[in-house]
Every structure is written in C-alpha cells, then in structure tokens.
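Colleague: pasting a predicted model and its sequence here:
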2 protein chains.
Amino acid sequence: MTITETSLSISQMADASGLSTHTLRYYEREGLMLGSIERASSTHRRYSDGDITWVSFLTKLRSTGMPIRDLKLYVELVRAGENTSGARLALLTRHRESVRQQLREVTASLEAIDIKIALYETTVAEREAQQTGQEQR
Amino acid sequence: MTITETSLSISQMADASGLSTHTLRYYEREGLMLGSIERASSTHRRYSDGDITWVSFLTKLRSTGMPIRDLKLYVELVRAGENTSGARLALLTRHRESVRQQLREVTASLEAIDIKIALYETTVAEREAQQTGQEQR
DNA sequence: AGTTGACTTCGAGTGCGCTTCAAGTTCTAG
DNA sequence: CTAGAACTTGAAGCGCACTCGAAGTCAACT
C-alpha cells in the first residue's frame, strides 16, 4: 500500500486551486490557512494534501460570496477545535441561507432579462424580414 | 379614462427602486439614465414612469453582476436608436450566458457546502447525544 | 416670514479583494 | 559553477461601486 503524499510548490498550488500565487500568499497573510505552511527550503512553501483540501473549501465559500471577514471567523472556529462544531454549523447554515437568497434574486432578475431578450429577438427578426423585403424590390 | 402619470421625488424613487438617493445620482452622473431627468423646480428631480421602468431594468442587470461599464455600453446602444437592436441583443445574450455560468458555479459550490453542513449536523448531534449520556451518569 | 427637512453639486473617502512592485534569495538545469 | 527562473517579504497601488461630507438652495408647513 503506497501512500502518495502530495506536496506542491506555490505555483503548482496556484494551478491546482485556480488562485494566483499572490492570492495564496494574501490568504495566508490574512490568517485563512489552518496552520503554517511547511517550508521545504525554510523559505519556499510546500502545500500538503490537507492544504489543498482546505483551500479548495475556502474557494467554495468565496465563490458563493462569503467575505474574507467571515472566512476568518470560520477558520478561527476550526482552529479552536472540536467543541466549536455547533458554531461552525451555525455559520455555514447562515451562509447557505444567504446563498439561496442570492440565487433566488439572480434567478428572478434573469427571468426579466430573458423576457427582454425574447423581445429583442422578435424585433431583430422583424428588421431582418423587412430588409429582405427591401432587397426584393 | 384617466392616465395616471407618476412622478417621484428622488427619495420616493429610492424607496421604489431599492437604491439610495446617492446611488441614483451616481447612476445619472455615470450616464446610465436614458435622458435627462425632469426637474420640477429646475433643481429637484422628478422621476417619470419611464425612468422607473428603466432603473428597474438597470437593477436587474446589476443584480446579475453586470458591471457599470457594460451598463454604459447598453444605455448608449439604446440611446443610439432602433438600428442597434442587434447589438443590444448580442450584449444581453452574452450577459445571460455569464449569469448562467455564474449560477452553475455557485450551485456547484453550494453542494460542497451542503455536504459540509450535513457532516457538522451529525457531529453536533453526536456531541449532544454524548452530553446527554454524561448527564445521566 | 421663518423653520425644518429634503434637495442640490462636486469632490473626496471607503471597503473589499486582490494585484503589483521592488529588492533580494533560492532552486534547478546545463 | 553559473544563468535564469521561481521564490521570498512588506508595502503600496488599483478597480469597482458606491457612500459620505460640506456648503449651499429649495419646499412645505405653520
């Protein structure tokens, strides 16, 4: 049984996560990483499997609109240990509700845009038909 | 038959649109209004029915993430007249695709968050069960 | 006519999330 | 061993979309 321990350089991590190296360092500076990143050469970062998983979850929270401020709260709870699971659950549940609300709003606005598009489609089709008629004259 | 011509002050418009009076003036400054807003007292704005409809559509575009820059392009097309309907259709269609993409991404991230929440729910339930057990001792 | 509150302009300020810069250090390939 | 690419830090800068402040004008009520 071989355990494959992945360890990525910052640019590999950037590729893997879709974040820039700048953003990865920024997140670390902001205290969004669980612990301190291992340093292979005592200066160059090496990202572990755990780091990859963690950053991946951070991006899920970010892409659903959670502000950095709240990410900080969440990471602090995780660092504080198992007895904060209630608080973490509360935080995530609250966030989920806001995401759902956001989805409802975007979907509703999208419907209005759909209607507008449909309108333009008929307008454009009519204009094209008219132009074809002119060509026949 | 009575035609009810609505005409709102800026603060009424703010209430009606959900935007602040600051934002309404800002939009106007940025050239996002179709024409110039009527001035009742030659200084105080009066928003017409048409203005209300227009701002309402602007907010649909904004709430789906269209940047101000693109709103400007759109309003310029509308101002330029009927023969830009093809370009407007293209702009809106492109935006719709980006909104759909955005919805897909958020939905996917939300699923990951759902899974995490489910995990915490069992953890919290277990901790509570354990605590109850301790109380019984 | 006076007071209070809503309105005006224009420029500056804010918060967010990166992003870039500068100057130096370290790794890697030949 | 050396050249060049990749990495390091800390601070400054940027783009976006508002948001606020100051100083003054106008409206509506008593």
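Modeller: Yep, it's here.
Colleague: mind listing the helices for chain A?
Modeller: Remark: helices assigned in chain A by DSSP state H are A:10-17, A:21-29, A:49-63, A:68-80, A:85-136.
Colleague: which positions in the first one come out as buried?
Modeller: Of all the residues in helix A:10-17, those buried under the rule 16 or more other CB atoms under 10 Å in any protein chain shown are A:I10, A:M13, A:A14, A:S17. All C-beta spots, glycine's among them, are computed from the backbone N, C-alpha and C.
Colleague: the residues you listed into a markdown table, with extra columns for pLDDT?
Modeller: Below are those laid out as a markdown table (pLDDT from 0 to 100):
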| residue | pLDDT |
| --- | --- |
| A:I10 | 97 |
| A:M13 | 98 |
| A:A14 | 98 |
| A:S17 | 97 |
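Colleague: tell me what the longest strand seen in chain A is packed against?
Modeller: The residue-count maximum for a strand in chain A (DSSP state E) belongs to strand A:45-48. Helices and strands touching strand A:45-48, by 3 or more CB pairs under 8 Å, 6 or more residues apart in numbering or on different chains; DSSP states H and E, are strand A:7-8, helix A:10-17, strand A:38-39.
Colleague: so A:M13 sits against A:Y47, correct?
Modeller: Yes. Assessed by CB atoms under 8 Å, A:M13 is found in contact with A:Y47 at 4.4 Å.
Colleague: residues of chain A that sit close to chain B?
Modeller: Within chain A, the positions adjacent to chain B are A:57, A:59-61, A:63-65, A:82-83, A:85-86, A:88-89, A:92-93, A:95-96, A:99-100, A:102-103, A:105-107, A:109-110, A:112-114, A:116-117, A:120-121, A:123-124, A:127 by CB under 8 Å from any CB of the partner chain.
Colleague: hang on, the earlier thing: next, show the common contact partners of A:M13 and A:Y47.
Modeller: A:V55 (CB atoms under 8 Å, 6 or more residues apart in numbering or on different chains).
Colleague: what about A:K72, neighbour count?
Modeller: A:K72: 13 surrounding residues under other CB atoms under 10 Å in any protein chain shown.
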